[in-house]
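Trainee: Sequence first, predicted model second:
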Amino acid sequence: MNKSTAPFEVNRRSVLGFSVVTAATAALAACTPTKPGAGNASVTRILPTDPLVAQTEANRVATGKTISKTLTTSPVSATIAGKKTPTWGYNGSLVAPTLRGQVGDQLAVTVQNDLDESTTIHWHGLALRNNADGVPKVSQKAIGAGQDYDYTFKLPHPGTYWYHSHLEMQRERALYGALIIEDPQETLEYDKDWVIVLDDWLDGVSATPDEVLKEVSKGMGSMEGMGHDDGGPMKMGNLLMGATSDFLGGDAGDIAYPLHLFNGQDTKDPETFKAKPGERIRLRIINASADTAYRVGVPNQQLSVTHTDGFPVKHVKADAVVVGMGERIDAILVAKEGYTPLIALAEGKNQMTYGLLSTGIGDAPSADKLPRKLEGKVVDGGQLAADPSVNLPSKTVDRTHELRLTGGMEKFDWGINGHRFDLASPYENAFDIKKGERVEVKFVNDTQMWHPMHIHGHTFQVGDEGARKDTVIVRPGDTMSVYFDADNPGQWLTHCHNAYHAERGMMGVFSYIK
Ligand SMILES: [Cu+2]
């Protein structure tokens, strides 16, 4: 292990390894576990307008280059699975532009909102300036119908990211796209990258996301645990009963999707990516879905996993990777002669989507010939180890916040520490932190279902030497500690990236206070 231990710091590993009493003593009085219901009205919060936010931005590395782009939100008539489908998208398309830049470039995006309701854009995974984070009522006023808004910020670190609306259920339409930040010091050898955005889709096909939210919000009550006699999932309206995954520790998802999209295309017309035999293709897999984890792999060929959520990991060969909502995995796939299917199975849902890598020879396999299972060595990002170059420096934990994930399907009353988040009072039960602190976030899953937990504005480390991530799968009954350095002042959401869970209350705020 490569961590440098400064003379006056207690190695974080030793803190974690010792008894709770030792850790508490080492961490001094500053270590204050949060009680459920904590949140102090008398504190001064560092708001997005605070000069500290601008100061932090000024200290970020700059190339002097600006990447300008306009993203127009509007209703779109998209062709999905061969049918004209009404939805909302960016720049008139189902597939939004992939934005690319280098670390230090300034991204200048003008949003022209041609919807007849408000919108925002969140830049998922970036430790960016707080007033560009795109959370209505927390980091900005939502962009009204017919209005323009400029997001201007420096790209802070390399990797595979994405952007999406952060207003209610809008992300479940086509209001999302990929954001790739190149590393001028890239050490990974590859010939091409293939950006892959996966999404569970129902808008304009079976219902709108808002209709489904209403339906699921009534609670699943006595329907819970139901499924077909053969153990497969069963559809009831837009809900799905009995979708289970051993890998995810039980219930895999609750919403029935007619389609799963691979870069906007379904299995009738899969995307084909051209390569030459032997080329190393860097897959950049982004799960933009609401309620579906994808198990991604190539039959009979291993992937070499290199990054998760933008940050490098110790390379692992795997037969498949499981990507939760909001997560990203980068992996190298070496192109073989002919057609290579890259399959994304909707975990626990008996559905799939796929794309094809092609060297231009042979015939494309048809969807019904493709395997419906990917087994062997299967990993998710939270199980990987960080590349030592991105380990957090050794430091004593200053503050621990326990976030118990609460609620259930019966009432669909998801929350954190029993509190259901309301944007009208975002700082109620806020998790206060101070600049300079090493923060431990202890996710304790008290529910019967897995949750991909996301923290805005920071990249945390999972456990002692686990991957650096911004979204991590927490299985039912599990406790998962993640650590971050509070070096990005402002107000930052944390939430489950299941769109329905978040909208129903599994959300909170990490709040920098003075
Ligand atoms: Cu959840």
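Mentor: Arrived safely, thanks for sending.

Trainee: tell me the SS of Gly382?
Mentor: helix (DSSP: H, G, I helix; E, B strand; the rest coil).

Trainee: Check the burial of the one residue in the stretch 101-250 of the chain that gets nearest to the ion by counting its neighbours.
Mentor: At 11.2 Å from the ion, Leu248 is the closest residue in the stretch 101-250 of the chain, using C-beta to the ion. Every C-beta, even on glycine, is put in place using the N, C-alpha and C of the backbone. Using other C-beta atoms under 10 Å, Leu248 has 24 other residues around it.

Trainee: got a list of what it touches?
Mentor: The neighbours of Leu248, taking C-beta atoms under 8 Å, 6 or more residues apart in numbering as the test, are 293, 322, 347-348, 450, 473, 475.

Trainee: Which of those residues has the largest number of neighbours?
Mentor: Using other C-beta under 10 Å as the neighbour test, the contacts of Leu248 are led by Ala293, with 30 neighbours.

Trainee: And for the residue of the stretch 201-350 of the chain found nearest the ion, nearest residue in space, chain neighbours not counted?
Mentor: Taking C-beta to the ion, the ion has its nearest neighbour within the stretch 201-350 of the chain at Met325, 8.5 Å off. Leaving aside its sequence neighbours, Met325 sits nearest to His497 (C-beta to C-beta, 6 or more residues apart in numbering; 4.1 Å).

Trainee: Would you check how far apart Val43 and Ser425 are?
Mentor: 15 Å (C-beta to C-beta, to the nearest Å).

Trainee: okay, these two: which has more neighbours?
Mentor: For Val43 versus Ser425, neighbours defined as other C-beta under 10 Å are more numerous around Val43 (14 against 11).

Trainee: For the more buried one, give me its contacts.
Mentor: When contacts are counted by C-beta under 8 Å, 6+ apart, Val43 touches 432, 513-514.

Trainee: quick one, what contacts Gly134?
Mentor: Gly134 neighbours (C-beta under 8 Å, 6+ apart): 120-123, 140, 151, 166.

Trainee: repeat for Tyr151
Mentor: Contacts of Tyr151 (C-beta under 8 Å, 6+ apart): 107-111, 121, 123, 132, 134.

Trainee: Tell me what Lys317 is bridged to.
Mentor: Ser304 (DSSP bridges).

Trainee: number of nearby residues for it?
Mentor: Lys317 has 13 neighbouring residues, counting by other C-beta under 10 Å.

Trainee: So it is in contact with Lys377, correct?
Mentor: Yes: using C-beta atoms under 8 Å, Lys317 is in contact with Lys377, at 7.1 Å.

Trainee: All the helices of the stretch 151-300 of the chain, residue numbers only.
Mentor: Under the criterion DSSP state H, counting those that start in this stretch, the stretch 151-300 of the chain contains helices at 209-217.

Trainee: quick one, what contacts the residue most central in space within the chain?
Mentor: The centroid of the chain falls nearest to Gly326 when counting by C-alpha atoms, centre = their mean (1.9 Å). By C-beta under 8 Å, 6+ apart, the contact set of Gly326 is 124, 287, 452, 454, 470-471, 497.

Trainee: again, only this time at 6 Å
Mentor: Going by C-beta atoms under 6 Å, 6 or more residues apart in numbering, Gly326 touches 452, 454, 471, 497.

Trainee: what about Ser389, which SS state?
Mentor: Once three-state DSSP is applied, Ser389 turns out helix.

Trainee: For it, which non-adjacent residue is spatially closest?
Mentor: Leaving aside its sequence neighbours, Ser389 sits nearest to Pro312 (C-beta to C-beta, 6+ apart; 6.7 Å).

Trainee: Give the rounded mean pLDDT of the strand ranked longest in the chain.
Mentor: As assigned by DSSP state E, the longest strand anywhere in the chain is strand 66-80. Looking at strand 66-80 alone, the average pLDDT works out to 98.

Trainee: what's downstream of it, the next helix or strand?
Mentor: In the C-terminal direction, the helix or strand that comes right after strand 66-80 (DSSP states H and E) is strand 83-90.

Trainee: the inter-axis angle of that following strand versus helix 209-217?
Mentor: Counting by axes from the mean of the first three to the mean of the last three C-alpha atoms, to 10 degrees, strand 83-90 lies at 90 degrees to helix 209-217.

Trainee: counting contacts, what elements does strand 83-90 pack onto?
Mentor: In terms of contacts (3 or more C-beta pairs under 6 Å, 6 or more residues apart in numbering; DSSP states H and E), strand 83-90 is packed against strand 66-80.

Trainee: contacts for the strand it packs on?
Mentor: Residues from elsewhere that reach strand 66-80 (C-beta under 6 Å, 6+ apart): 84-92, 94, 101, 105-115, 119.

Trainee: cutoff 7 Å now
Mentor: 84-94, 97, 99, 101, 105-115, 119, 174-175, 201, 205, 259, 266 (C-beta atoms under 7 Å, 6 or more residues apart in numbering).

Trainee: Pull up the pairing partners for it, direction included.
Mentor: strand 83-90 (antiparallel), strand 106-113 (parallel).

Trainee: residues from this protein in reach of the ion?
Mentor: For the chain, the residues in contact with the ion (C-beta under 5 Å from the ion) are 451, 496, 498, 501.

Trainee: domains for this structure, by residue range?
Mentor: Domain assignment for the chain by automatic domain parsing gives 12-48+391-512, 66-182, 187-390.

Trainee: so where's the stretch 1-150 of the chain uncertain?
Mentor: 1-41 (pLDDT under 70).

Trainee: Tell me which stretches of it form helices.
Mentor: Using DSSP H, counting those that start in this stretch, helices in the stretch 1-150 of the chain cover 12-17, 20-26, 51-58.

Trainee: which of the residues in the last one are buried?
Mentor: Neighbour counts over helix 51-58 (16 or more other C-beta atoms under 10 Å) mark 52-53, 56-57 as buried.

Trainee: Rebuild those as a markdown table, extending it with distance to Ser366.
Mentor: Formatted as a markdown table, the buried residues of helix 51-58 follow (distance: C-beta to C-beta, whole Å):
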| residue | distance to Ser366 |
| --- | --- |
| Leu52 | 57 |
| Val53 | 53 |
| Thr56 | 53 |
| Glu57 | 51 |
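
Trainee: Correct me if wrong: Asp266 contacts Leu259.
Mentor: Yes: if you go by C-beta atoms under 7 Å, Asp266 and Leu259 touch, sitting 5.1 Å apart.

Trainee: list the residues that contact both of these two?
Mentor: Shared contacts of Asp266 and Leu259 (C-beta under 7 Å, 6+ apart): 80-81.

Trainee: Leaving out sequence neighbours, find the closest residue to Gly407.
Mentor: Leaving out its chain neighbours, the residue that sits closest to Gly407 by C-beta to C-beta, 6+ apart is Trp414, at 3.8 Å.

Trainee: cool, and Thr244?
Mentor: Closest residue to Thr244 apart from its sequence neighbours, by C-beta to C-beta, 6+ apart: Gly348 at 5.2 Å.

Trainee: So for the one you found, what's the pLDDT?
Mentor: 97.

Trainee: what about it, which helix or strand?
Mentor: Assessed by DSSP H and E, Gly348 sits outside every helix and strand.

Trainee: mind listing what it touches?
Mentor: Counted by C-beta under 7 Å, 6+ apart, Gly348 has contacts 233, 243-245, 248, 252-253.

Trainee: can you rerun that using 10 Å?
Mentor: Contact analysis of Gly348 by C-beta atoms under 10 Å, 6 or more residues apart in numbering lists 232-233, 240, 242-248, 250-253, 292-293, 295.

Trainee: Among these, which ones are in strands?
Mentor: Going by DSSP E, the strands hold 240, 244-245, 250-251, 295 from the contacts of Gly348.

Trainee: of all these, which comes closest to Glu410?
Mentor: Within the ones in strands among the contacts of Gly348, proximity to Glu410 (C-beta to C-beta) peaks at Asp251, which comes in at 11.9 Å.
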